[in-house]
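**Student:** what's the 3D shape of this:
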Amino acid sequence: MAGLRFADLQSRPMEFLDFTSVTLDEFQQLVPPFETAFHARMAAWRMDGKPRTARRFTVYKNCPLPTPEDRLFFILTYLKTYALQVVQGRLFGMVQGKANQWIHVLLPALLAALRTLGDAPTRSLTALAQRLGVSEAEAAPVVVPLEEAPAPVVTAPAAASASPLLPMTAPSGGSSAPKTLLNRPRVIAARKRTTRSKTSCSSMPC
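**Tutor:** Numbers count the residues shown, from 1 in each chain. Sure thing, here's the model as predicted:
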């Protein structure tokens, strides 16, 4: 099945930015180190995540991501939109299983490329200070410790179920109307008497 390609949006820079969060110029700067990291990974690993022991990786005839630009476009679009894998696969002309494989192959390649360019996400205060060219004390106000982060507002009772729909479907106040259990014998008998009375008529012989 046909899927989205880099060439489809190459001539529409604003739409391309919406899909990937990078400009076309930034994208082109990222392609070479990304493709180098991709082939380095594929030299050691197969698409299914097992070690490569036989022939080297080649782009097969019906590959859904045949070019370096298509592969980078695929993973950047996934990170920007964070679609379900079945949706990502449908968008790029592949089944969900193949989309899953490509995501797990291309994410490490993208991270390696960003590290090569010095643009990988910072994971520590020291690395952030080095990136900004300041001292750790000056970089510290930028970082919000997890324990100081504001707690999310919970609208549902604490003892209630952790269902994701709970904040939108919180139970209302208890009803004052008496609850009738329809499986009780007296209720069933009453229903039968009510049914007979509805079918009776004074003009009909009993």
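**Student:** Helices along this structure, start to end?
**Tutor:** For the chain, applying DSSP state H gives helices covering 6-9, 13-20, 24-44, 68-81, 85-91, 96-117, 125-132, 136-139, 185-199.
**Student:** what helices or strands is the fourth one leaning on?
**Tutor:** In this structure, helix 68-81 packs against helix 6-9, helix 13-20, helix 24-44, helix 85-91, helix 96-117, with contacts taken as 3 or more Cβ pairs under 8 Å, 6 or more residues apart in numbering; DSSP states H and E. Backbone N, C-alpha and C define where each C-beta goes, glycine included.
**Student:** Let me see the mean pLDDT of that helix.
**Tutor:** Averaging pLDDT along helix 68-81 gives 95.
**Student:** and the direction of that helix versus that of helix 96-117, what angle?
**Tutor:** In terms of direction (axes from the mean of the first three to the mean of the last three Cα atoms, to 10 degrees), helix 68-81 departs from helix 96-117 by 100 degrees.
**Student:** Mind listing what's buried along helix 68-81?
**Tutor:** For helix 68-81, a neighbour-count test (16 or more other Cβ atoms under 10 Å) marks 68-78 as buried.
**Student:** Could you provide those residues in TSV, with additional columns for distance to E26?
**Tutor:** Below are the buried residues of helix 68-81 laid out as TSV (distance: Cβ to Cβ, whole Å):
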residue	distance to E26
P68	15
E69	13
D70	17
R71	16
L72	11
F73	13
F74	16
I75	14
L76	10
T77	14
Y78	17
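**Student:** Relative to E136, which of those residues is nearest.
**Tutor:** Using Cβ to Cβ, L76 is the member of these that sits closest to E136, with 31.5 Å.
**Student:** quick one: contacts for that closest one?
**Tutor:** By Cβ atoms under 8 Å, 6 or more residues apart in numbering, the contact list for L76 reads 19-22, 27, 110.
**Student:** Which one of those residues is nearest to R55?
**Tutor:** Lowest distance from R55 to these (Cβ to Cβ) belongs to L110, with 25.1 Å.
**Student:** contacting residues around the closest residue to that closest one other than its chain neighbours?
**Tutor:** Distance criterion Cβ to Cβ, 6 or more residues apart in numbering; nearest residue to L110, sequence neighbours excluded, is I75 at 5.4 Å. Shown in contact with I75 (Cβ under 8 Å, 6+ apart): 102-103, 106-107, 109-110.
**Student:** Can you tell me which of the contacts of L76 are buried?
**Tutor:** Buried by 16+ other Cβ under 10 Å: 19-20, 22, 27, 110, out of the contacts of L76.
**Student:** hang on, the earlier thing: just the buried ones from the contacts of I75, in PyMOL syntax?
**Tutor:** Only the buried entries of the contacts of I75 go into this PyMOL selection, using 16+ other Cβ under 10 Å:
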select buried, resi 102+103+106+109+110
